[in-house]
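Asks: Structure for the following, please:
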Amino acid sequence: MIASRRFASAVLVAVSAAVSAVSAAVAGAADAERVVNIAMEDQFKNRHETLRYRGDVVVLVYAERKGAEAALELGRRLHVRFHPNAAQAPATEWSRQPVVSPAGWPATLAAPDVHVIPVACLPEVPKALETVARSRFRKDSQFVSVWLDFEDTMRQRFGIVPNEPNVVLLDTRGCPQGVISGHLDEVRFGEVVASIDQLRLRSLQDRTAAIPAAATIVR
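Replies: From the prediction side, this is the model:
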């Protein structure tokens, strides 16, 4: 009888472990399906991919031609908000400044960076004139990389509000967390900043989540 109970306990533990493993695999698969990889070249013909920044938060600020100026200004504000030293840094060092940690982040642990990436949406530019467009962006932005969307990727993936800045947030796993479009006043700007910090804090929660104690088989 005792042996039977021991056997039954062992079977229950094994089944529970299997169910947990399957649940974790399903959750992992669901997350993997949401991960995106946005890949483009910049004005210097350097190729970039958002998956290279996994572990950090990616902020894609994009617009069509008439919204480009507002989008660039928003991108600058966001970059300086998370990299305040950039406000006084020379242009050559502007994009290399250290990130500040969100409130509540452990001082002994490096915080996820926030990569604010300007994207120029240029689907109307003919293939033959892409070189001209690159040259113009090299002149206007000599040190800060601007991703050039000749293939209409951003509109197809996330939608776009014409003539306005649009923002996509990718969390530390590379999953989209929403699109914000239009002018950001101080209140909305603060909300976006808070959302970015929440994504960074969530990565800490993922790292330090308590692991249930292993079940013990009574012998």
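
Asks: I'd guessed Phe44 sits against Ser135; true?
Replies: No - using CB atoms under 8 Å as the test, Phe44 is too far from Ser135 to be in contact (10.7 Å). Using the backbone N, CA and C atoms, a C-beta is placed for each residue, glycine as well.

Asks: any idea of the mean pLDDT for stretch 130-146?
Replies: Stretch 130-146 shows an average pLDDT of 95 in the prediction.

Asks: which of the residues in it are buried?
Replies: By neighbour count, with 16 or more other CB atoms under 10 Å as the criterion, the buried positions of stretch 130-146 are 133-134, 137, 141, 144-146.

Asks: Check stretch 82-91 too.
Replies: Taking 16+ other CB under 10 Å as the neighbour-count basis, stretch 82-91 is seen to contain the buried residues 82-83, 86.

Asks: Output the below-cut-off pLDDT ranges for the chain.
Replies: Along the chain, segments meeting pLDDT under 70 span 1-33, 207-219.

Asks: For it, just list every one of the helices.
Replies: If you assign secondary structure with DSSP state H, the helices in the chain sit at 2-34, 68-82, 130-140, 153-158, 186-208.

Asks: How is the chain partitioned into domains?
Replies: What the record gives for the chain is the domain set 1-34, 36-208, from automatic domain parsing.

Asks: Please identify the deepest-packed of those domains.
Replies: domain 36-208 (a mean of 16; mean count of other CB atoms under 10 Å).

Asks: ok now that one, how far from the chain's centre?
Replies: Relative to its chain's centre, domain 36-208 lies at 9 Å (CA atoms, centre = their mean, to the nearest Å).
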